[in-house]
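Chemist: What would the 3D arrangement of this be:
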Amino acid sequence: MTIQTPIRSPFATEYLTQAALKVTETNASFWVGYSGETITGAETADFLDAARQILEKAGWTRSYVDDDPEMPDLDESMSIKTMLLTLGRYARQALGRPSALTLFSAMLRVDNDDARTIARRVLDALVAAHTGTPTAQATAWAERTTRTWDEVRALLEAGTDFARTHGPR
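Modeler: Prediction:
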C-alpha cells in the first residue's frame with residue numbers, strides 16, 4: 001500500500017501570509033469595494049470559495065487561446081466534412097459557454113462586484129508575495145504556460161483562508 005503525503009500549498013507559509021498582510025495594512029482602502037463599503041473577510045472568502053467550486057465543476061483552463069486541439073485552422077486541404085465539423089465546433093463555442101473556464105472568467109460568474117474586487121486584491125497580494133515582486137496580478141499568474149490547476153486551486157484556497165482569517169469582521 002502506498003501512502004500519499006498531501007501536497008503542501010506553495011501559498012501556505014507564514015512569510016507569504018505576513019507579506020500579503022503588510023499589503024492590506026499599508027493600503028487603508030484594501031477591503032473597501034467600489035461601492036465605498038467595507039467588504040468583510042467572510043464575504044470575500046465566500047466569493048473565492050464559490051469561484052473555486054465553479055472551476056471544479058466546469059474545469060479550469062489556463063487560457064482560451066489555442067485551447068482546443070480538435071479545432072484546427074481551416075485550410076484548403078481539408079475535406080468539406082472536416083471543414084464543416086470544425087466550423088460547427090467554432091460556432092458551438094462562440095454561442096455557448098466554454099466547458100472549461102479561466103480563473104478570470106470563473107470570478108466573473110460569481111455575482112458580487114465588490115467581493116470580486118477585494119478577492120482580486122487578496123489573490124494579487126498573495127501572488128506578489130509568492131513571486132517576490134511588489135505587485136502582481138493573480139489572473140495573469142494563472143495564465144502562465146507552466147501553471148497547473150493544483151496551483152490555481154491552492155491560490156484560491158489560500159485566498160479563502162487569508163480573507164476569513166485577516167479580513168474585517
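Chemist: Show me the contact partners of stretch 145-161.
Modeler: Applying C-beta atoms under 8 Å, 6 or more residues apart in numbering, the set of residues contacting stretch 145-161 from outside is 7, 9-12, 16, 44-45, 48-49, 51-52, 55-56, 60, 62, 103, 119, 122-123, 126-127, 138, 141-142. To be clear about C-beta, it is placed using only N, CA and C from the backbone, and glycine gets the same treatment.
Chemist: Beyond the worst-scoring helix or strand of the chain on mean pLDDT, next helix or strand please.
Modeler: Every helix and strand in the chain was compared by mean pLDDT, DSSP states H and E; the lowest is helix 80-95, with a mean of 72. Beyond helix 80-95 in the direction of the C-terminus, DSSP states H and E gives the next helix or strand as helix 103-109.
Chemist: Off-centre distance for that next one?
Modeler: Here helix 103-109 is found 7 Å from its chain centre; the criterion is C-alpha atoms, centre = their mean, to the nearest Å.
Chemist: Likewise for stretch 149-162?
Modeler: Relative to the centre of its chain, stretch 149-162 is centred 9 Å away, using C-alpha atoms, centre = their mean.
Chemist: buried sites along the helix or strand hosting residue 21?
Modeler: Secondary structure here is read from DSSP H and E; on that basis residue 21 sits in helix 14-26. Of the residues in helix 14-26, those buried under the neighbour-count criterion (16 or more other C-beta atoms under 10 Å) are 16, 17, 19, 20, 23, 24.
Chemist: just to revisit the earlier point, restricted to strands, list the contacts of stretch 145-161.
Modeler: With strands defined by DSSP state E, no entry of the contacts of stretch 145-161 lies inside them.
Chemist: Buried only: go through the residues you listed for me.
Modeler: Burial by neighbour count, judged by 16+ other C-beta under 10 Å, picks out 9, 11, 16, 44-45, 48-49, 51-52, 55, 60, 62, 103, 119, 122-123, 126-127, 138, 141-142 from these.
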